[in-house]
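Asker: this is a predicted model, with the sequence first.
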Amino acid sequence: MAPTTTGPAPKSGSFTRTTTPPAPALAPPTVIPPALEIWAPDPPTWSQRMIPKGIRSAMADLGLWQEPRPLKPSFHLAQVIEVLTRYGWCQSFDFSPTGRMCIRGAQTFLESTGHVTKIDRGKAVNYLQSQLARQGVNMRFWEWNDLSNNTFWGVEATISAASDMARKNGD
């Protein structure tokens, strides 16, 4: 769309203010994969942590174990928001003593429980870094997370925008 002129006509005739209409908001996905039925998963129990991955895989092949399915980067970023909402958001720690997490901690938690692969987590990080660059932030996302002027709502909005960007690109 072409820019539109707004405001009163200038007296000198040389200054006009032009604005572009806002881009349409992205709609949430119409179909949510079954893997997202539990947006913020429970942490694995101690008994689950004690079972080696090879044995868990064999149990999954026999139908005795349900391994989580890894998510695409856009869904992973949405799941990060849900994990931070459920367990709490913090700064300066990946995992705080009270169980809260920062962005990187939530991603580590989801990767360790099998909800995202290392490759898709890397893609999600790239989308998050791209969104921060759009906002004029030139630091790594975990350093930005720890800035004293950040709030959970700002972090949530940035992650959500990165998720929208990933969804728009088919990830």
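Answerer: Nice, thanks for sending it over.

Asker: and residue 144, how many neighbours?
Answerer: 19 (other Cβ atoms under 10 Å). All C-beta spots, glycine's among them, are computed from the backbone N, C-alpha and C.

Asker: which residue comes closest to it once chain neighbours are left out?
Answerer: Take residue 144 and drop its neighbours on the chain: the residue closest to it by Cβ to Cβ, 6 or more residues apart in numbering is residue 137, 5.4 Å away.

Asker: any idea of the pLDDT on the one you found?
Answerer: Residue 137 carries a pLDDT value of 90.

Asker: next: residue 87.
Answerer: Looking at residue 87, the pLDDT reads 90.

Asker: that one and residue 121: what is the separation?
Answerer: Going from residue 87 to residue 121 by Cβ to Cβ, to the nearest Å gives 18 Å.

Asker: neighbour count for those two, which is higher?
Answerer: residue 121 (22 against 19).

Asker: and the closest residue in space to residue 123 that isn't next to it in sequence, what does it touch?
Answerer: Among residues not flanking residue 123 along the chain, residue 73 sits closest, at 4.3 Å (Cβ to Cβ, 6+ apart). By Cβ atoms under 8 Å, 6 or more residues apart in numbering, residue 73 lies in contact with 120-121, 123-124, 127, 163, 166, 171.

Asker: make sure the residue nearest to residue 144 is indeed in a strand.
Answerer: No - the assignment for residue 137, made by DSSP: H, G, I helix; E, B strand; the rest coil, is coil rather than a strand.

Asker: list the buried ones in stretch 125-142?
Answerer: Neighbour counts using 16 or more other Cβ atoms under 10 Å place 125, 127-129, 131-132, 141-142 of stretch 125-142 among the buried residues.

Asker: in helices only, show me those residues.
Answerer: Taking DSSP state H as the definition of helices, the buried residues of stretch 125-142 contribute 125, 127-129, 131-132, 141-142.

Asker: and of those residues, the nearest to residue 96?
Answerer: residue 142 (14.0 Å; Cβ to Cβ).

Asker: and the closest one, what pLDDT?
Answerer: pLDDT at residue 142 comes out at 90.

Asker: which residue is the nearest non-sequential neighbour of it?
Answerer: Nearest residue to residue 142, sequence neighbours excluded (Cβ to Cβ, 6+ apart): residue 104, at 4.5 Å.

Asker: TSV for the buried residues of stretch 125-142, including distance to residue 155?
Answerer: What follows is the buried residues of stretch 125-142, written out as TSV (distance: Cβ to Cβ, whole Å):
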residue	distance to residue 155
125	14
127	15
128	10
129	14
131	11
132	11
141	9
142	11
